[in-house]
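[1] Next come a sequence and a model predicted from it.
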Amino acid sequence: MSEGMTIKIGFTIVGSLVFGSIVAFRSRREEGKDDYGYRPRYLGYVSGAILPAAVLSWAILFFLCYGGRAAAQALLSACFGIFLHIGVYYIVLLLLLPFFRERISARACAMLWMIPNYLYLTEMGGMELPGPAFVLQAPERLVWGLFTVWLLGFAGVLAWSILSHLRFRRQILSTAREVTDPAVLDVWEEELKNANFIEPWFRLVTSPAVSSPLSIGLFRHATRVVLPERQYSAGDLHLIFRHELVHIGREDSWSKFFLVFCTAMCWFNPFMWKAMQKSADDLELSCDETVLVNAGADTRKQYAGLILETAGDGRGFTTCLSAAASSLRYRLQNIIRPPRKHSGALTAGLMFFLLCMSCGYVALAYGGGRGADLFFGEGGPSEYTLAYVNEVDGSSYLPLACTDETALHDYLASVELRELTGNYDFREEERKIMVLYDTSDGFISVILSDGMAKVARFGDRMESEFYYLPDKTNWEYLDTILEPAAQVLSAETETGPVPERQKR
């Protein structure tokens, strides 16, 4: 087992335990079984800003470092596996959702939609797989054509969602005013105390532009809890405020943003649009579950009646008390007759483990060219001096004698190469040889294995490039021009021993 695979398994096991523990501990906290300390009673399970922030940071970093096409290649390489797994994961979750809803808590179901937020961690160094199990090959022109179409669709869907949210927010808050009714404020303060919001960062307002209570705002000090301009009983206000405070404490507006972001990434996948709807339903079911902890039958009937008489618009990244028509029956059924369910801690941990461990096995190969261009460049092999050839065996290097340097140059120049997405170390390939060339710009190392080539350039800074070999390496031919030498050298660096001139 490679070092990267060992690290990945260890990280995934730890992550699974963390996810399961979060579900278990947060459930106890929301049910009032644990001391809150100085923190709010309701806390987020998974932040919805993590993956969007990571992808945006990658895009900015790549374009600052590489610019233009190279940045697009780096972004495609980093994101292809993530995009693929998000789409597949949500299709599987949609299929399993009826089973999960019957057996585990709504809190755990809501958290399952958020697990892909941590997929970016699988692209970090140190957790590389030895190599992909499946490689999808496509013409370069087709890949960049589809990438352009995808990028336009992604930008369009995300921009439309953000603009719709901002327009809805402006419509609501342009006519909003602070709540001044002492009776309403007394209930508000009581629920704030019950939720342990010692210094709330949000305000309570009323607006004629809404017909259902809701909370709106992604950023803390921009968050508002909005009431319609109508009279509610004290009992109704307790339930309304508790509902919205649960959403605010869990940062469910960011959860909705995350699902919109994932839908924008997979806008061509019709299942993603269904997943976005189902995830919003589970956020509300989870909130209902927490609002009605230890509630009696009369309170449950009152809450159900409040939802039935409340119809509202939940556009954008808002959390709204009213129920969507598609989920109304199921939501009311769970409110009136809540079934006994498991916490879902084990399920959340298992889903995280399976998702992370399945990443990286599918890669995309495209473009590239011949070794004459990608290994040797414009000058060709005539400007390269062969320093030595080694056969790589684990951490040792077996020197090989080249009986025909011209034949070796011609073979390397003829190798067909493809750009490869993903992050791999190729350390467990059955057979590898390393060819080191001395050039005017420094040393260049070419490592060949059955299915890949790694090029390391030792110039002002070390740069490595990985390529996929669709035709595999012709070991039978190489064996006719390479013969074992007498001694075995220990490995000094990952790319082999470097001659003394380069060390200086």
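    In hand now; what should we look at?

[2] which residues sit in contact with the residue nearest to residue 178 when sequence neighbours are not counted?
    Counting by CB to CB, 6 or more residues apart in numbering, residue 205 is the residue found nearest to residue 178 once chain neighbours are left out, at 5.8 Å. No exception for glycine: its C-beta is placed from N, CA and C like everyone else's. With CB atoms under 8 Å, 6 or more residues apart in numbering as the criterion, the residues that contact residue 205 are 173, 176-179, 224-227.

[3] Then residue 257?
    Residues counted as contacts of residue 257 (CB under 8 Å, 6+ apart) are 48-49, 52, 218, 317.

[4] swap in residue 272?
    87, 90, 262-263, 266.

[5] With secondary structure and pLDDT added, can I get these in JSON lines?
    As requested, the contacts of residue 272 are exported to JSON lines (DSSP: H, G, I helix; E, B strand; the rest coil; pLDDT from 0 to 100):
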{"residue": "87", "secondary structure": "helix", "pLDDT": "89"}
{"residue": "90", "secondary structure": "helix", "pLDDT": "93"}
{"residue": "262", "secondary structure": "helix", "pLDDT": "92"}
{"residue": "263", "secondary structure": "helix", "pLDDT": "92"}
{"residue": "266", "secondary structure": "coil", "pLDDT": "90"}
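
[6] hmm, back to that, now that we have the contacts of residue 205, which of them are buried?
    Using 16 or more other CB atoms under 10 Å as the burial test, the contacts of residue 205 include 173, 176, 179, 224-227 as buried.

[7] Cross these against strands and list the overlap.
    Secondary structure of those is defined by DSSP state E; positions in strands are 224-227.

[8] Which pair of the residues you listed spans the longest distance?
    The most widely separated members of those, counting by CB to CB, are 224 and 227 (10.0 Å).

[9] Show me whatever sits in contact with both of the two.
    With CB under 8 Å, 6+ apart as the test, residue 224 and residue 227 both reach 204-205.

[10] mind checking the SS state of the most centrally placed residue in the chain?
    For the chain, the residue whose C-alpha lies nearest the mean C-alpha position (CA atoms, centre = their mean) is residue 119; its distance is 3.4 Å. Put simply, residue 119 is helix when judged by DSSP: H, G, I helix; E, B strand; the rest coil.

[11] so who does the residue lying closest to it once chain neighbours are set aside touch?
    In space, and not counting its chain neighbours, residue 119 is closest to residue 82: 4.8 Å by CB to CB, 6+ apart. Shown here is residue 82, whose contacts under the criterion CB under 8 Å, 6+ apart are 51, 55, 116, 119-120, 122-123, 359.

[12] Which helix or which strand is home to residue 82?
    Using DSSP states H and E, residue 82 sits within helix 68-103.

[13] count of residues packed around residue 367?
    Neighbouring residues of residue 367 were enumerated by other CB atoms under 10 Å; the total is 16.

[14] got a list of what it touches?
    Contact analysis of residue 367 by CB under 8 Å, 6+ apart lists 140, 143, 418-419.

[15] what number of residues lie near the residue lying closest to residue 440 once chain neighbours are set aside?
    With CB to CB, 6+ apart as the measure, residue 383 is the residue that lies nearest to residue 440, at 7.0 Å, once sequence neighbours are left out. By the measure other CB under 10 Å, the count of residues near residue 383 is 13.

[16] Residue 383 contacts residue 437, doesn't it?
    No: with contact defined as CB atoms under 8 Å, residue 383 does not count as touching residue 437 (9.2 Å).

[17] And residue 427, what's its pLDDT?
    As predicted, residue 427 sits at a pLDDT of 66.

[18] Likewise for residue 396?
    We have a pLDDT of 77 for residue 396.

[19] any idea how far it is from residue 426?
    Plainly put, residue 396 is 17 Å away from residue 426 if you go by CB to CB, to the nearest Å.

[20] Settle it for me: which of the two has more neighbours?
    It is residue 426, of residue 396 and residue 426, that has more neighbours when counted by other CB under 10 Å, with 19 against 12.

[21] List the residues that contact that one.
    For residue 426, the contact set (CB under 8 Å, 6+ apart) comprises 130-131, 432, 447, 449, 452, 454, 466.

[22] residues near the nearest residue to residue 409 once chain neighbours are set aside, how many?
    Computed as CB to CB, 6+ apart, the closest residue to residue 409 that is not its neighbour in sequence is residue 381, at 3.9 Å. For residue 381, the tally of surrounding residues (other CB under 10 Å) stands at 20.

[23] What separation do you get for residue 381 and residue 405?
    Noted for residue 381: a distance of 9 Å to residue 405, by CB to CB.

[24] Kindly report the same for residue 367.
    Computed with CB to CB, the distance linking residue 367 and residue 405 is 29 Å.

[25] Please pick the buried ones from the contacts of residue 367.
    Neighbour-count burial (16+ other CB under 10 Å) applied to the contacts of residue 367 gives 143, 418-419.

[26] Of those residues, which belong to helices?
    residue 143 (DSSP state H).

[27] Can you add distance to residue 295 and give the buried ones among the contacts of residue 367 back as JSON lines?
    Written out in JSON lines, the entries for these read as follows (distance: CB to CB, whole Å):
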{"residue": "143", "distance to residue 295": "55"}
{"residue": "418", "distance to residue 295": "60"}
{"residue": "419", "distance to residue 295": "58"}
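
[28] Can you lay out the buried ones among the contacts of residue 367 as TSV showing distance to residue 100 and pLDDT?
    Below are these laid out as TSV (distance: CB to CB, whole Å; pLDDT from 0 to 100):
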residue	distance to residue 100	pLDDT
143	36	92
418	40	92
419	39	89
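
[29] what about stretch 355-365, average pLDDT?
    Per-residue pLDDT over stretch 355-365 has a mean of 87.

[30] Please enumerate the helices of the stretch 251-400 of the chain.
    252-265, 270-291, 297-308, 328-336, 345-357, 371-374 (DSSP state H, counting those that start in this stretch).

[31] Among these, show the one with the smallest mean pLDDT.
    If you rank the helices of the stretch 251-400 of the chain by mean pLDDT, helix 328-336 sits at the bottom with a mean of 81.

[32] For that helix, buried residues please.
    By 16+ other CB under 10 Å, the buried positions in helix 328-336 come out as 331-332, 334-335.

[33] now stretch 64-76
    For stretch 64-76, the neighbour count (16+ other CB under 10 Å) marks 71-76 as buried.

[34] next one: stretch 359-369
    When burial is assessed from 16+ other CB under 10 Å, stretch 359-369 yields the following buried residues: 359-360, 362-368.

[35] what about the helices in the stretch 401-504 of the chain?
    Remark: helices assigned in the stretch 401-504 of the chain by DSSP H, counting those that start in this stretch are 405-414, 475-481, 500-503.

[36] tell me the phi and psi of the nearest residue to residue 171 once chain neighbours are set aside?
    Beyond its immediate neighbours in the sequence, the residue positioned closest to residue 171 (CB to CB, 6+ apart) is residue 209, lying 5.5 Å away. Here the main-chain torsion angles of residue 209 (degrees, to the nearest 10) amount to phi -90, psi 0.

[37] Identify the residues contacting residue 209.
    With contacts defined as CB under 8 Å, 6+ apart, residue 209 is in contact with 171-172, 174-176.

[38] Who wins on neighbours among those?
    By neighbour count, taken as other CB under 10 Å, the most surrounded of these turns out to be residue 172 (22 neighbours).

[39] For it, give its distance to residue 210.
    Distance, residue 172 to residue 210, by CB to CB: 6 Å.

[40] what do those two both touch?
    Residues within reach of residue 172 and of residue 210 at once, by CB under 8 Å, 6+ apart, are residue 226.

[41] ok so, going back, just to be sure, which of the contacts of residue 367 are found in strands?
    Secondary-structure check on the contacts of residue 367 using DSSP E: residues within strands are 418-419.
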